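**Q** Requesting a structural model of the entry that follows:
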Amino acid sequence: MPIIVFAIDADLKVKTNARVIYSVKLLKTIKEFSAETITEQQKEEIYSKLLALNVRDKESRTQHVEGIHKKKAEAANQVSANSCPKCGGELITRKGKYGDFKGCKNYPKCKFTITN
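**A** Numbering: from 1, shown residues only. Below is the predicted model of the structure:
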């Protein structure tokens, strides 16, 4: 059974028969399996594919990093303007178990949150 792993800040919206988990649960999920299900050749093929996707060219890496910074800055600007960076909805202050936070007014359709 495949395991699909997302970063902890990802918003999972997937419905599938595969295991879709956050990265913090990866080790626990792997330990649930005892039998090896892929061959050494399959491991090598996966490794080769991942290696090919690695950005090695300095200029491409720089552009990639700049794109990430630009996207983060745009999201921060939207949050500053009380606009949800995921769906464009209004951000409202809510009270939670761990204190106040801003959340999208379109909850539960959009689950974006950020601490104040």
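
**Q** Domain-wise, how is this protein divided?
**A** 1-56, 82-116 (automatic domain parsing).

**Q** hey, which of those is tucked in deepest?
**A** domain 82-116 (a mean of 14; mean count of other CB atoms under 10 Å). Glycine gets a C-beta too; all of them are placed from N, C-alpha and C.

**Q** pLDDT value on residue 107, please?
**A** At residue 107, the pLDDT value in this model is 93.

**Q** worst average pLDDT in the domains of the chain?
**A** domain 1-56 (a mean of 84).

**Q** residues of stretch 55-63 that come out buried?
**A** Within stretch 55-63, no residue is scored as buried using 16 or more other CB atoms under 10 Å.

**Q** same question, stretch 70-79
**A** Quick answer for stretch 70-79 (16+ other CB under 10 Å): 75, 78.

**Q** what does it rub up against?
**A** Contacts to stretch 70-79, defined as CB atoms under 8 Å, 6 or more residues apart in numbering, come from residues 84, 85, 88, 91, 102, 114.

**Q** for the record, mean pLDDT for it?
**A** For stretch 70-79, the per-residue pLDDT averages 94.

**Q** Can you tell me how far residue 37 is from residue 46?
**A** Computed with CB to CB, to the nearest Å, the distance linking residue 37 and residue 46 is 12 Å.

**Q** returning to what we had before: turn the domains of the chain into CSV, columns for distance to residue 64.
**A** Shown next, in CSV, are these (distance: least, CB to CB, whole Å):
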stretch, distance to residue 64
domain 1-56, 6
domain 82-116, 20
